[in-house]
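Peer 1: Generate a structure from the sequence data that follows.
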Amino acid sequence: IGRMAVLPAWRKQGVGRALLQAAIELCRQNGWFDIHVSAQSHALAFYEQAGFHGIGDEYMDAGIPHQAMKLHISN
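Peer 2: Coordinates of the predicted model:
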């Protein structure tokens with residue numbers, strides 16, 4: 001899952017959570033059980049709440065600190 005974002009006016013209303021859950025469900029339907037995201041460091045808690053965990057070191061992408069994260073789901 002890459003480059004997921006919600007417009008500022010729609011944040012804190014469950015839109016991001018709904019988008020992420022829909023993406024996770026699409027992965028499940030396609031048999032992709034190891035899901036990776038490149039999360040901006042300020043959004044780590046958002047992904048952790050969905051079950052993702054950080055892997056590796058923080059790195060810069062487009063001048064913004066990021067953390068690779070992974071979620072393993074079952075079918």
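Peer 1: and the gap between the residue of the chain positioned farthest from its centre and residue 46?
Peer 2: The C-alpha centroid of the chain is most remote from residue 9, which lies 19.6 Å away (Cα atoms, centre = their mean). Distance, residue 9 to residue 46, using Cβ to Cβ, to the nearest Å: 17 Å. To be clear about C-beta, it is placed using only N, CA and C from the backbone, and glycine gets the same treatment.
Peer 1: repeat for residue 53
Peer 2: With the distance defined as Cβ to Cβ, residue 53 ends up 13 Å from residue 46.
Peer 1: between the two, who's got more neighbours?
Peer 2: Between residue 53 and residue 46, residue 46 has the larger neighbour count (other Cβ atoms under 10 Å), namely 16 against 12.
Peer 1: which residue sits closest to that one, ignoring its sequence neighbours?
Peer 2: Spatially, and ignoring its direct neighbours in sequence, residue 46 is nearest to residue 16 (6.6 Å; Cβ to Cβ, 6 or more residues apart in numbering).
Peer 1: what's the offset of the helix or strand that neighbour falls within from the middle of its chain?
Peer 2: Assigned by DSSP states H and E, residue 16 falls within helix 15-29. Its chain's C-alpha centre and that of helix 15-29 lie 9 Å apart, by Cα atoms, centre = their mean, to the nearest Å.
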